[in-house]
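Participant: here is a sequence together with a model predicted from it:
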Amino acid sequence: MATVQTSAPSIEPITLEEAKAHLRIDTPDDDTLIQSLIMTSRLHVEVALGLTLLTQTWSCFFDRWPSDRSGLDAITLPLSPVASVDAVRVYADDGTFLNLPLAGFSFDLVSRHPRIMRKKGTMTPEPGRRLNGIEVAITCGFGAQHSDVPAPIRQALLLLVAHWYEHRDPGEIGTAEARVPAAVSALLGNYLPVRL
């Protein structure tokens with residue numbers, strides 16, 4: 001499975017002004033650095049949690065239709081929360097594609113791991129190319145506004161920006177200098193994927 005971002009969020013979950021207030025900075029000298037740290041913090045949290053914080057679009061590619069013993073034929077989407085499934089496409093070996101009617105699918109977009117399932121009796125063509133032959137285009141994120149992102153995640157982002165602002169020296173991955181502060185991990189704990 002591959003994922004490709006097709007549109008990025010138009011804003012960040014925290015504003016430059018919020019970050020500067022948290023850092024107690026009132027000059028514009030480090031604005032570019034702080035904006036970079038805000039974006040980097042968002043990307044770090046999104047990857048760590050498998051979440052998309054603000055409205056953005058992605059295409060998820062699969063090699064073939066799933067078929068499990070329960071007969072659900074569910075495709076599990078790698079990102080959440082998902083606001084909508086915008087298209088399901090099947091690719092031929094020459095790269096052309098067929099848009100499938102969305103009415104032929106059921107959507108579970110409220111689960112931590114959103115799924116789409118073919119409705120009983122829906123016929124779906126097999127992909128013509130062996131790799132990434134099925135595309136599911138989605139819109140995801142908590143919403144388009146700063147306030148749509150849950151408060152604990154926004155607070156964790158502020159703490160992460162502050163941590164990276166204060167610790168600019170490069171650190172080797174896995175060392176104490178490179179660790180995320182415990183307070184950030186605690187705030188994000190409820191959003192970690194559950195593994196059974």
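Facilitator: Everything's here; your move.
Participant: the longest strand seen in the chain: which residues count as buried?
Facilitator: For the chain, the strand with the greatest residue count under DSSP state E is strand 82-91. Counting neighbours by 16 or more other Cβ atoms under 10 Å, one finds that the buried residues in strand 82-91 are 82-83, 85, 88-91. The way it works is simple: take the backbone N, C-alpha and C, and place the C-beta from them, glycine included.
Participant: looking at these, spot the one nearest Thr122.
Facilitator: Nearest to Thr122 among the buried residues of strand 82-91 is Val88, at 10.6 Å by Cβ to Cβ.
Participant: sorry, back to before: which two among the buried residues of strand 82-91 are spaced furthest apart?
Facilitator: Ala83 and Tyr91 (24.4 Å).
Participant: name the SS class of the residue of the chain most remote from its centre, please.
Facilitator: The outermost residue of the chain relative to its centre, with distances by Cα atoms, centre = their mean, is Thr27 at 32.8 Å. Of the three states, Thr27 takes coil according to DSSP: H, G, I helix; E, B strand; the rest coil.
Participant: what's near enough to touch it?
Facilitator: For Thr27, the contact set (Cβ atoms under 8 Å, 6 or more residues apart in numbering) is empty.
Participant: list phi and psi for it.
Facilitator: phi -110, psi 160 (degrees, to the nearest 10).
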